[in-house]
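Visitor: all I have is the shape, not the residue letters:
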């Protein structure tokens, strides 16, 4: 029983990290209908930048802030110079551009920082918790707290502010939003800023959680996050979070208890195809 | 020709066959697929198993390989009837990951060790190697191109093109989108199966990582760079994508970066491909033609 609870808590931590990675993707898809695979490139840059700023300043807070700024800028650059001019083409055109960005960034990271795995020796200032005889270490506590904070902030922005209203309007129908006096291109850029900043946090958390930062750390998340947004309902942020949590727990528990012959990364895709066949709009989709 | 060039040319010819098959699905029928390497792999593994375990010759096994790959293509093409565009792109990525995982984890498929000891192709008593095998690949490539040329001409091709542009309009003039989508999947994956069989007998050793997702991306890049939906686009794309890494070989450490950056620039500024409608190359060609006439 104790083992089961520990596995479950690990699963929730994995799910939290998945949801941080996936949120940006869901936001971008919601507003631009682009499969933003390069989001994983921003996640990787986020981890590297976090490590760089941490080594320079020694402060984790400065590292997170600096990394968020760099990633937000990078996200807007990708949106302005690559995606937006390609919107008028069939969907596979921005998709291929996105894959090309991811591969280029992986190569750049390898050439600049080296192919080896770097360690991220930061300690997150959170207490270890003891609940019903189970110890939750400080890193996992930090993952829980930071994810909760990000989710609450994002929920507040999208539902309680005028910016959130404009974001929702632009994602429903850009032309009508423009006609109502909303500068939808600006809203798209702001969406990239938010999504990319969250990806930076995810990159740093993953770096510290596994104590590893390496050039291809975005490769698996890139495609798994796609499966997650399909399961959650394309473009639905709450759906993305629910699907991330379910997948995180399912992966951890399946690996712990069931003896399946396939690697854990295949689980996400099998779940995804099942969901697509059964309910193609996803568990929380609207269409 | 020396061995190095023959090897590159053979790989390019095989890739051109597989990319032509992908072009039937993406270019003719308008169904995005990012999992074509899975079918290439299914063809290669079927050919390898039939050759090593059942002891069949390449020629006896080939129809079976193509039929099995196309049958699985038909089965996995069914999702395309339910989902469109972005969903289909992600579904096919998923199929690629699952198929690779199955090859990699089941003992029947050789597991992580792959399958080795695949015999060479024999024509009567002559074992084909080097240049002779290249000619065999070029023969099949010509066959694939004739089929594709016929597809673009025949009414089936017309229906596919009509569907790519507007599915509802195609349905309204009595063309069944379901039938043609599935037909495109069968033909396209069958060509991937043919390419896979050639690949298995050329390399004589295959493993799951040969057919992973990056190869699907490369195949899609070939038809995008060459010109999606055109007859010669996949061939040109296979040549360019096949030769580029060799040209950049002196820059050994930077060559992948060059390659991906070039791809990014290409798709950003010439998304229709080199031979696509309205491309710079085609406009230049038309201009020269006009000047020649006047």
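Guide: Everything's here; your move. Predicted model only: the values in this text are computed from it and were never measured.
Visitor: shaky segments in chain B?
Guide: By pLDDT under 70, the low-scoring segments of chain B are B:1, B:79-80, B:82-84, B:155-176, B:277-278, B:292-294.
Visitor: can you give me the strands in it?
Guide: Remark: strands assigned in chain B by DSSP state E are B:115-116, B:122-123, B:126-127, B:205-206.
Visitor: what do you get for the stretch 1-150 of chain A?
Guide: Counting by DSSP state E, counting those that start in this stretch, one finds strands in the stretch 1-150 of chain A at the ranges A:129-131, A:134-136.
Visitor: now the ones you listed as TSV including distance to residue A:109, mean neighbour count and mean pLDDT?
Guide: (Each C-beta comes from the backbone N, C-alpha and C, glycine too.) Formatted as TSV, the strands of the stretch 1-150 of chain A follow (distance: least, CB to CB, whole Å; neighbours: other CB atoms under 10 Å in any protein chain shown; pLDDT from 0 to 100):
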stretch	distance to residue A:109	mean neighbour count	mean pLDDT
strand A:129-131	35	11	77
strand A:134-136	32	16	79
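Visitor: what segments of the chain are helices?
Guide: No chain in the question, so chain A it is. A:2-32, A:39-57, A:60-78, A:84-86, A:92-113, A:138-160, A:162-172, A:174-179, A:184-210, A:219-232, A:237-257, A:264-278 (DSSP state H).
Visitor: meant chain B actually
Guide: B:3-23, B:36-52, B:58-77, B:79-82, B:85-105, B:131-153, B:155-165, B:167-172, B:177-203, B:213-226, B:233-247, B:255-269, B:280-293.
Visitor: other SSEs contacting the fifth one?
Guide: Just to be clear, that refers to helix B:85-105. helix A:92-113, helix A:219-232, helix A:264-278, helix B:36-52, helix B:79-82, helix B:213-226 (3 or more CB pairs under 8 Å, 6 or more residues apart in numbering or on different chains; DSSP states H and E).
Visitor: try the first one
Guide: In this structure, helix B:3-23 packs against helix B:36-52, helix B:131-153, helix B:177-203, helix B:213-226, helix B:233-247, with contacts taken as 3+ CB pairs under 8 Å, 6+ apart.
Visitor: is it true that residue B:264 touches residue A:104?
Guide: Yes. Using CB atoms under 8 Å, residue B:264 is in contact with residue A:104, at 6.2 Å.
Visitor: per-residue confidence at residue A:248?
Guide: Per-residue pLDDT puts residue A:248 at 89.
Visitor: so it makes contact with residue A:16?
Guide: Yes. Using CB under 8 Å, residue A:248 is in contact with residue A:16, at 7.2 Å.
Visitor: compare these two (neighbour count), which wins?
Guide: residue A:16 (26 against 22; other CB atoms under 10 Å in any protein chain shown).
Visitor: OK, contacts around that one?
Guide: A:143-144, A:147, A:244-245, A:248 (CB atoms under 8 Å, 6 or more residues apart in numbering or on different chains).
Visitor: could you do residue B:251 as well?
Guide: Residues in contact with residue B:251 (CB under 8 Å, 6+ apart) are residue B:258.
Visitor: near the closest residue to residue A:35 other than its chain neighbours, how many other residues are there?
Guide: Nearest non-adjacent residue to residue A:35, counting by CB to CB, 6 or more residues apart in numbering or on different chains: residue A:95, 5.1 Å away. Residues contacting residue A:95 under the criterion other CB under 10 Å number 24.
Visitor: how far away is residue A:95 from residue A:23?
Guide: 20 Å (CB to CB, to the nearest Å).
Visitor: equivalent analysis for residue B:111, please.
Guide: 37 Å.
Visitor: so these two - more neighbours on which side?
Guide: More neighbours surround residue A:23 than the other of residue B:111 and residue A:23, with 27 against 14 (other CB under 10 Å).
Visitor: report pLDDT for that one.
Guide: 91.
Visitor: nearest residue to it in space, ignoring adjacent ones along the chain?
Guide: Using CB to CB, 6+ apart, the closest residue to residue A:23 is residue A:198 (5.4 Å).
Visitor: how much space separates that neighbour from residue B:6?
Guide: 51 Å.
Visitor: which one's more surrounded, these two?
Guide: residue A:198 (30 against 16).
Visitor: how about the stretch 1-150 of chain B: which residue is closest to chain A?
Guide: residue B:94 (3.5 Å; CB to the nearest CB).
Visitor: that residue contacts residue A:269, correct?
Guide: Yes. Look at residue B:94 against residue A:269 with CB under 8 Å: they come within range, at 3.5 Å.
Visitor: shared neighbours, these two?
Guide: residue A:227.
Visitor: give me the more crowded residue out of these two.
Guide: Shown here are residue B:94 and residue A:269; by other CB under 10 Å, residue B:94 has more neighbours (28 against 24).
Visitor: how about the residue nearest to residue B:93 when sequence neighbours are not counted, phi and psi?
Guide: Spatial nearest neighbour of residue B:93, excluding adjacent residues (CB to CB, 6+ apart): residue B:34 at 4.8 Å. Per-residue torsions, residue B:34: phi -110, psi 20 (degrees, to the nearest 10).
Visitor: quick one: residue A:41 and residue A:101 touch, right?
Guide: Yes. The criterion here is CB under 8 Å, and residue A:41 meets it with residue A:101 at 5.6 Å.
Visitor: those two: which is more packed in?
Guide: Shown here are residue A:41 and residue A:101; by other CB under 10 Å, residue A:41 has more neighbours (28 against 25).
Visitor: what's near enough to touch the closest residue to the more buried one other than its chain neighbours?
Guide: Leaving aside its sequence neighbours, residue A:41 sits nearest to residue A:105 (CB to CB, 6+ apart; 3.7 Å). By CB under 8 Å, 6+ apart, residue A:105 lies in contact with A:38, A:41, A:44-45, A:218.
Visitor: ok, residue A:105 to residue A:229 distance?
Guide: Relative to residue A:229, and taking CB to CB, residue A:105 is found at 20 Å.
Visitor: up against chain A, what does chain B have?
Guide: Applying CB under 8 Å from any CB of the partner chain, one finds that chain B approaches chain A through B:26, B:32, B:34, B:79, B:82-83, B:85-87, B:89-91, B:93-95, B:97-98, B:101-102, B:104-106, B:213, B:217, B:220-221, B:224, B:253-254, B:256-257, B:260-261, B:263-264, B:267-268, B:271.
Visitor: any chance of a PyMOL selection covering the buried ones in these?
Guide: The buried subset of the residues of chain B next to chain A, as determined by 16 or more other CB atoms under 10 Å in any protein chain shown, is captured in PyMOL by this line:
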select buried, chain B and resi 26+32+34+79+83+85+86+87+89+90+91+93+94+95+97+98+101+102+104+105+213+217+220+221+224+256+257+260+261+263+264+267+268+271
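Visitor: from the chain's centroid, how far away is stretch A:140-158?
Guide: 13 Å (CA atoms, centre = their mean, to the nearest Å).
Visitor: buried stuff in that stretch?
Guide: Here stretch A:140-158 shows A:140-144, A:146-147, A:150-151, A:154, A:158 as buried, counting by 16+ other CB under 10 Å.
Visitor: in a markdown table, list those residues along with pLDDT and distance to chain B.
Guide: Shown next, in a markdown table, are those (pLDDT from 0 to 100; distance: CB to the nearest CB, whole Å):
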| residue | pLDDT | distance to chain B |
| --- | --- | --- |
| A:140 | 87 | 28 |
| A:141 | 88 | 33 |
| A:142 | 88 | 31 |
| A:143 | 89 | 26 |
| A:144 | 90 | 29 |
| A:146 | 92 | 28 |
| A:147 | 92 | 24 |
| A:150 | 93 | 25 |
| A:151 | 93 | 24 |
| A:154 | 92 | 23 |
| A:158 | 87 | 22 |
